[in-house]
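Visitor: Sequence and predicted structure below; questions after.
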Amino acid sequence: MNWQTLCADVTTIASDGGPVEIVGVEYDSRRVGRGDVFVAMRGEVTDGNLYLDKAIAQGAAAVVTDSREAYERLRRGHSGIAIALVERGRRALAEVSAVVTGHPERRLALSAVTGTNGKTTTAFLLESMLRSVGRTCVLMGTIETHVGSEVRVSPHTTPESWDVLEIFAEGVRVGATEAVMEMSSHALEQERVWRLPVDVAIFTNLTQDHLDYHGTMERYFAAKAKLFEGVGAPPPRVAVINVDDAAGRRLLPDADRSQVVTYGLEGKGDFRGEEIRMRAGETRFRLATPVGVAEMASPLTGKVNVYNLLAASAAACARGLTLEQIIVGAKSTQQVAGRFEVVEPSANDVTVVVDYAHTDDALRNLILLARELVKDRGGRVITLFGCGGDRDRTKRMKMGRAAGEGSDLVVLTSDNPRSEEPMAIIEEALVGVKETGTTCIVEEDRAGAIEIAIRSARAGDIVLLAGKGHEKVQILKDGTVPFDDVAVAAEVLKELA
């Protein structure tokens, strides 16, 4: 890729440099190689412009910077380096990446999911429906990244634009025509998805989360709403919105430049879930749509998954699937890791479930589902949870209250304490549990807490291990250590069996 060709398709304030050939893009100076263009941008944690000399020493052929001072310094001191000055580094990273990768975003129909809860499952469901009719897909989300048939662990929910476009390009090379992405509020706010043309946008819900970053619920909502306005691209062709959610209803006027498709329960929405029946490992309901009515059956459990199925069904319909194809695709979806994942082997007629619920609303919904499942068996709900460190502290007491209000026994433990002291976090959550009067056992060690929760259960009970879900590590002050709720619980169950 020639430097002049690259600059012609990127919004620059000024540029300088001869016929340099570009072979790749990097935004992390530690990974710069010979022939790369290094995009130096001011971020939330550090400023890439501090590492320009290091990038050049490692072989960068060109530099794109959002610092006029850095631009002028390079012009004076590095005559052999092609340079460009831009207003916003992240936008430039997206534009440069799109050119270097050959604009794969223009060759994929992109469906994007945003919201507090349900993004991962909705994305998995939609991809399953699309794959069931023979379409090759790219999936990018919290748990996994799929490139055609290849499955990879995802390092982030929504990575930087270069990483996204590189994966899109890989998808195009293996014949992908569809992409499904989770779009986090951070990515939308930080413009990591700049100029990605979204065909179908999905909104699941909005509850308190990430206020450590956004500050207020209003700013959190505004970040989510950017998906429906278009982030450097036109608004989505179709907007799929949950009208049972207050924030979803607020979005309706903002989404009027798209074809709006709504979903909800019992008489609300274009796609509706009616006559819901569920048990562990199965949910059935009547799916009413503008194109007909059908019986939906899924191996996913719970009311929350009815919403996820409705969202995915509406999006799949927007992508051209028939009602019959949607039903078949939903049935083929496998259990999503860490989303109401039932742990095997069972022991003593006790059901143990691992779930990612890490907000008070998600925890409350999880416990309500568990209560529904045990009511005919006379069982109890035992809930284990913790709260993450270096995150929104205001939700800790709320999570404690949610756990205490719905559970028969609460086991309060550590989650990912990060730089904070685990017991300090636990004490803040404990205030909410105590308000409810529910019996609470405190055990800082998460493995020990899981054993206590399971050994406290009797026949007919359900044990909920909430907060970490699919995660395979625990983040502590001294570093990251391997930790898997499912594996720990399975070992305890094996001993009991």
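Guide: Nice, thanks for sending it over.
Visitor: Relative to the centre of this protein, pull out the residue lying furthest away.
Guide: Centroid-distance maximum for the chain: R76 at 43.8 Å, with C-alpha atoms, centre = their mean.
Visitor: And the pLDDT for that one?
Guide: Here, the pLDDT recorded for R76 equals 90.
Visitor: Check the one 5 residues further on too.
Guide: The score at I81 is 91. That number is its pLDDT.
Visitor: For the helix or strand of the chain with the lowest mean pLDDT, buried residues please.
Guide: Between all helices and strands in the chain, the lowest mean by mean pLDDT, DSSP states H and E belongs to helix 211-214, at a mean of 72. Using 16 or more other C-beta atoms under 10 Å as the test for burial, helix 211-214 gives 211, 213-214. Quick note: C-beta positions are derived from backbone N, CA and C, even for glycine.
Visitor: Given the helix or strand encompassing V411, what are its sheet partners and their directions?
Guide: Using DSSP states H and E, V411 sits in strand 409-412. Its sheet considered, strand 409-412 pairs with strand 381-385 (parallel), strand 440-442 (parallel) by DSSP bridges.
Visitor: How far off centre is that strand?
Guide: Distance of strand 409-412 from the chain centroid (C-alpha atoms, centre = their mean, to the nearest Å) equals 27 Å.
Visitor: looking only at pLDDT, what's the mean for it?
Guide: Per-residue pLDDT values across strand 409-412 average out to 98.
Visitor: List of residues touching it?
Guide: For strand 409-412, contacts defined as C-beta atoms under 8 Å, 6 or more residues apart in numbering pick out 380-386, 400, 403-404, 426, 429-430, 433, 438-443, 449, 452-453, 456.
Visitor: please redo it, this time with the cut-off set to 6 Å
Guide: 382-384, 403-404, 426, 429-430, 433, 438-442, 449, 452-453 (C-beta atoms under 6 Å, 6 or more residues apart in numbering).
Visitor: Now do the next helix or strand after that strand, average pLDDT.
Guide: The helix or strand immediately downstream of strand 409-412 is helix 422-436, counting by DSSP H and E. Taken as a whole, helix 422-436 has a mean pLDDT of 97.
Visitor: go on, stretch 468-483?
Guide: 94.
Visitor: ok, and for it, which residues are buried?
Guide: 468-471, 474-476, 483.
Visitor: Would you convert those into TSV that also reports distance to G269?
Guide: Output for those, formatted as TSV (distance: C-beta to C-beta, whole Å):
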residue	distance to G269
K468	32
G469	28
H470	29
E471	33
Q474	39
I475	39
L476	44
F483	40
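Visitor: quick check, nearest of the residues you listed to V86?
Guide: For those, the minimum distance to V86 (C-beta to C-beta) is 34.0 Å, reached by I475.
Visitor: Which secondary structure state does that closest one sit in?
Guide: Here I475 is recorded as strand under DSSP: H, G, I helix; E, B strand; the rest coil.
Visitor: Need the nearest residue in space to it, chain neighbours excluded.
Guide: N416 (4.1 Å; C-beta to C-beta, 6 or more residues apart in numbering).
Visitor: Then Y51?
Guide: S29 (3.6 Å).
Visitor: same question, L287
Guide: L287's closest residue in space is M296 (C-beta to C-beta, 6+ apart), at 4.3 Å.
Visitor: Pull the distance from the one helix or strand the one you found maps to to the chain's centre.
Guide: Here M296 sits within strand 292-298, counting by DSSP H and E. The chain centroid and the centroid of strand 292-298 are separated by 27 Å under C-alpha atoms, centre = their mean.
Visitor: any idea which of the buried residues of stretch 468-483 is closest to G264?
Guide: Distance to G264, by C-beta to C-beta, is smallest for G469 among the buried residues of stretch 468-483, at 25.6 Å.
Visitor: how about that closest one, what does it touch?
Guide: Taking C-beta under 6 Å, 6+ apart, we find G469 in contact with 338, 355-356.
Visitor: helix/strand/coil for it?
Guide: G469 - assigned by three-state DSSP - is coil.
Visitor: got the CA positions of the strand holding V411 in PDB?
Guide: Output in PDB follows, covering the C-alpha atoms of strand 409-412 (Å, rounded to 0.1, in the frame of the first residue of the first chain):
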ATOM      1  CA  LEU A 409     -29.200 -18.300  51.400                       C
ATOM      2  CA  VAL A 410     -26.500 -15.900  50.200                       C
ATOM      3  CA  VAL A 411     -22.800 -16.800  50.000                       C
ATOM      4  CA  LEU A 412     -20.800 -13.500  49.600                       C
END
